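Participant: got a predicted structure here, sequence first:
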Amino acid sequence: GAWFDSMPGIRPLLKLSYTLNWVTGGAAGFHAVNVLLHVLNAALVYRLARWAAETQAANRAVVPALLGLAAALIFALHPAQTEAVTYVSGRSVSLMAAFYLGAVLAGLQGRPVLSALLFAAALAAKETAWTLPFALMLLAMLGSQPWRSVLRSLYAHWAVLGVFAVAVLIVPGYRRLLYSSLGIRTLGENLLAQVEGVWYLLTQPLLLLHTNIDPDIAMPQGVSATLLVKAAILVGLIVAGIAFLRRDRFAGVALLWTVLHLAPTNSVLPRLDIANDRQLYLALIGPALLLARALWTCLPGRAAPATVCALCVSLGAATLARNADYRDEISLWQATVEASPSKARPWNNLGYAHRLAGDPDAARAAFVRALEIDPSFERARHNLQAVDREGR
């Protein structure tokens, strides 16, 4: 009833999935759905990667099924995906991705109506799915379909996108979300911030160097030489993707897929959090395709399957280690303050976890540390006062 009364509202399918979990069981049900969604998405990535390999008729050195399997395993086992699977609210990404990838495959199979319906479902799970028509246009470059034919086949998708744009303007929840986003920082400030955000995503969680549920990414205070170098490298990746479309379309499409799927969260519209690991969920398909093809084409003989197996074991071990941080609230936020020691919010969250666990001394110490970092952090101040009242 509460779900129904909240309609029309933002992300209705996502909220419906939470509601169904809530009324049918406890935490195990939430986690089971998240894991099953991730398994489904890995299977869809296998189909997409296999299709991409099959379109590259000139490169018969790669067996499409093997490339698809390697790409799907990299996608499934990468520790950066933990936040979208183990963290229950990460479902916004994985549920959207299930409808999104289904829509992509339906579109590639020449089923535009089904693809458009799945696109609408993806938007009803998370609004960042708006990139789907552009993803289909990008993937069309791998095939032999003429551009005019591709555009005609997407008429239903443009209609869905138009309806969604109207919904954003008239549904109060979406309108508040949009206004809130625009009030976080100016366009110029946000572009500088997103250079740091995308740089973090591509050089830390993607490269297995660092995963963090609340990364400490400082807002740039202006244009610096370091920031210009980072921006130049990121622009260079876009230019490389466009250039590769002429001589190696597979590589070009894989690079531009990554760029396209970081755009909704890391481009024009500001977000309170500059970057989160779960933003890589769909974007990671691009690097997975590139790495899978490199493994099967660059390594000799039996070295390729042995390397794929070793890589999967390494990724799986890293993901198991990352999941250990999620075993309870205290473990998660303890790992986060170790990774972001100078950020106030993780310390406040750690204090709250200690308070829930009945450890007021540890909670007080964490709240005090949060206020030392940010004396204006009212939530930490309120929590500290609450702990002090309870201790009297």
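Facilitator: Arrived safely, thanks for sending.
Participant: list the contacts of residue 253.
Facilitator: Neighbour list for residue 253: 52, 138-139, 141-142, 241, 245 [criterion: CB atoms under 8 Å, 6 or more residues apart in numbering]. The way it works is simple: take the backbone N, C-alpha and C, and place the C-beta from them, glycine included.
Participant: surely residue 34 and residue 85 touch.
Facilitator: Yes: using CB atoms under 8 Å, residue 34 makes contact with residue 85 at a distance of 5.2 Å.
Participant: got any residues that touch both of the two?
Facilitator: residue 94.
Participant: which ones among the contacts of residue 253 lie within helices?
Facilitator: 52, 138-139, 241, 245 (DSSP state H).
Participant: which of those residues lies closest to residue 23?
Facilitator: residue 139 (38.6 Å; CB to CB).
Participant: pLDDT at that closest one, what is it?
Facilitator: Looking at residue 139, its pLDDT reads 93.
Participant: ditto for the one 5 residues further on
Facilitator: For residue 144, the model assigns a pLDDT of 67.
Participant: please enumerate the helices of the stretch 251-392 of the chain.
Facilitator: 285-298, 303-324, 329-339, 344-356, 360-373, 378-391 (DSSP state H, counting those that start in this stretch).
Participant: need the ones in helices among the contacts of residue 253 in TSV (columns: distance to residue 289 and neighbour count).
Facilitator: Listed next are these as TSV, based on distance: CB to CB, whole Å; neighbours: other CB atoms under 10 Å:
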residue	distance to residue 289	neighbour count
52	6	26
138	12	19
139	11	21
241	12	21
245	14	17
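Participant: and the furthest pair within those residues?
Facilitator: 52 and 241 (14.6 Å).
Participant: and the strands in the protein?
Facilitator: Assigned by DSSP state E, the chain shows no strands.
Participant: so which residue is smack in the middle of it?
Facilitator: Centroid-nearest residue in the chain, with CA atoms, centre = their mean: residue 279, separated by 2.4 Å.
Participant: for stretch 30-39, C-alpha coordinates in CSV please.
Facilitator: Written as CSV, here are the backbone C-alpha positions of stretch 30-39 (Å, rounded to 0.1, in the frame of the first residue of the first chain):
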residue,chain,number,x,y,z
PHE,A,30,17.3,-8.9,-0.6
HIS,A,31,20.7,-10.4,-1.0
ALA,A,32,19.4,-13.4,-3.0
VAL,A,33,17.7,-11.1,-5.5
ASN,A,34,20.9,-9.0,-5.9
VAL,A,35,23.0,-12.0,-6.5
LEU,A,36,20.6,-13.5,-9.0
LEU,A,37,20.5,-10.2,-10.9
HIS,A,38,24.3,-10.1,-11.1
VAL,A,39,24.3,-13.7,-12.4
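Participant: can you get me a residue count around residue 45?
Facilitator: Using other CB atoms under 10 Å, the number of residues around residue 45 comes to 24.
Participant: and what of residue 391?
Facilitator: Using other CB under 10 Å: residue 391 sits among 10 other residues.
Participant: so what's it up against?
Facilitator: So residue 391 contacts residue 360 (CB under 8 Å, 6+ apart).
Participant: and the pLDDT at it?
Facilitator: The model's pLDDT for residue 391 equals 73.
Participant: kindly report the same for residue 296.
Facilitator: 89.
Participant: tell me where the stretch 101-250 of the chain is predicted with low confidence.
Facilitator: Scanning the stretch 101-250 of the chain for pLDDT under 70 picks out the ranges 144.
Participant: need the helices for it, in chain order.
Facilitator: Going by DSSP H, counting those that start in this stretch, the stretch 101-250 of the chain shows helices at 112-125, 132-140, 147-153, 155-170, 172-182, 187-203, 225-247, 249-262.
Participant: ok, and what's touching the third one?
Facilitator: In this structure, residues lying in contact with helix 147-153 by CB under 8 Å, 6+ apart are 107, 110, 112, 136-137, 140.
Participant: next one: the first one
Facilitator: Counting by CB under 8 Å, 6+ apart, the neighbours of helix 112-125 from elsewhere in the structure are 11-14, 92, 95-97, 99-100, 102-104, 106-107, 129-130, 132-133, 136, 153-157, 159-161, 163-164.
Participant: could you rerun that using 6 Å?
Facilitator: For helix 112-125, contacts defined as CB atoms under 6 Å, 6 or more residues apart in numbering pick out 12-14, 95-96, 99-100, 102-103, 106-107, 129, 132, 153, 156-157, 160, 164.
Participant: ok, and the closest non-adjacent residue to residue 39?
Facilitator: residue 76 (7.5 Å; CB to CB, 6 or more residues apart in numbering).
Participant: surely the one you found and residue 41 touch.
Facilitator: No: counting by CB atoms under 6 Å, residue 76 sits too far from residue 41 to count as a contact (7.9 Å).
Participant: more neighbours, the two?
Facilitator: residue 41 (27 against 21).
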